[in-house]
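I'll drop the sequence and a predicted model, then ask my questions.
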Amino acid sequence: MKIKDAIIILGPGKSGTTLLNDILALHQDLFWVSTYLNKYPNHPWLSLLNNFQTIGVIEKFTRSRQKFPRPAESFPFWAHYIRNFRFNPKNFNEQDILNAQDAVKKINRYQIGERFITKLTGPSRWRFLEEIFDNPYIIWLDRDPKAVIASFYSYKWKYKNQPEIFKKKEKAELIKEYVTYYNNLQIDKVNLRRFRYCEVYYEDLVDNPAVFLAKLCNFLELEYSKSFKQKVNTWGILKKTNSKYQKIFTPQEISLIENLLSK
């Protein structure tokens, strides 16, 4: 049976989806895939540990500590249950889908919460979403594309395990590659409008987290409760991070990015 009223956070990557997932997943009505479950997907009982994040002191203490379970991008979790998930197939094995749905339901046996939230970045994977979920709520989080491209470049995205190939490529070649990828994602995201869809921006999240989350909760039909608001208010979010691209790229390279984005 398909999972109802799920919340899926999507975006091009390096657009703030981790930050949004970290905060929104703390809502008292939601349950999620943790960093532990990504590593050990056959042990849903590990989701018991997710409940500690409902305790404000513990949640705040563990924010920057990787050894504690936190909401995570669920790519490894899905890839464990669904063959060829990494290649974003057009068709899925029926049993794989049933196994993945059952795995999500098992998480909910151990973690408090009524609705499932997860994060994926990159391609929309709308066919996968349509197979697993019943008309989910989709949040597409975007950001100034120049900041996204700069982040791709800084993190050697796609070449993290092949640094020698990254070094051999001209900077302009990498820029073109990253912008092409970003542009393709913008085209692909149109497929997400078949679901309950909301497009939001990192800049608004950073500028006023409380207002941003209140509006988002309204769209998601979640109560913007006092306890959740208190959690939101404890997050110290860095501002003015978008301008970093000006230190990474020359004016000529920025002009190249802008021209490629406009095509």
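Right, received. Where do you want to start? Numbers count the residues shown, from 1 in each chain.

so what secondary structure elements neighbour the helix or strand of the chain with the lowest mean pLDDT?
Between all helices and strands in the chain, the lowest mean by mean pLDDT, DSSP states H and E belongs to helix 56-61, at a mean of 87. If contacts are counted by 3 or more C-beta pairs under 8 Å, 6 or more residues apart in numbering; DSSP states H and E, helix 56-61 sits against helix 226-233. For glycine as for every other residue, the C-beta is placed from the backbone atoms N, C-alpha and C.

quick check: buried residues in the helix or strand following the helix it packs on?
With elements assigned by DSSP states H and E, the helix or strand that comes after helix 226-233 is helix 245-248. Buried positions in helix 245-248, judged by neighbour count with 16 or more other C-beta atoms under 10 Å: 245, 248.

repeat that for stretch 209-219.
Buried residues in stretch 209-219, counted by 16+ other C-beta under 10 Å: 209, 212-213, 216-217.

what does it rub up against?
By C-beta atoms under 8 Å, 6 or more residues apart in numbering, the surrounding residues in contact with stretch 209-219 are 23-24, 27, 137, 139, 198, 200, 204-205, 223-224, 228-229, 232-233, 235, 237.

show me which positions of the strand or helix carrying E253 end up buried.
Per DSSP H and E, E253 falls inside helix 251-261. If you call a residue buried by 16+ other C-beta under 10 Å, then helix 251-261 has these buried ones: 253-254, 256-257, 260.

let me know whether E258 touches I175 as I believe.
No: counting by C-beta atoms under 8 Å, E258 stays clear of I175, with 10.8 Å between them.

how far off centre is stretch 46-56?
20 Å (C-alpha atoms, centre = their mean, to the nearest Å).

neighbouring contacts of it?
With C-beta under 8 Å, 6+ apart as the criterion, stretch 46-56 contacts 26, 28, 31-32, 34, 36-37, 40, 58-59, 62, 68-70, 106-107, 109-112, 230-231, 234.

I figured D142 hits E199, correct?
Yes: applying C-beta under 8 Å as the test, D142 and E199 come out as touching, 6.8 Å apart.

compare those two (neighbour count), which wins?
D142 (21 against 14; other C-beta atoms under 10 Å).

so for that one, what's the pLDDT?
pLDDT for D142: 97.
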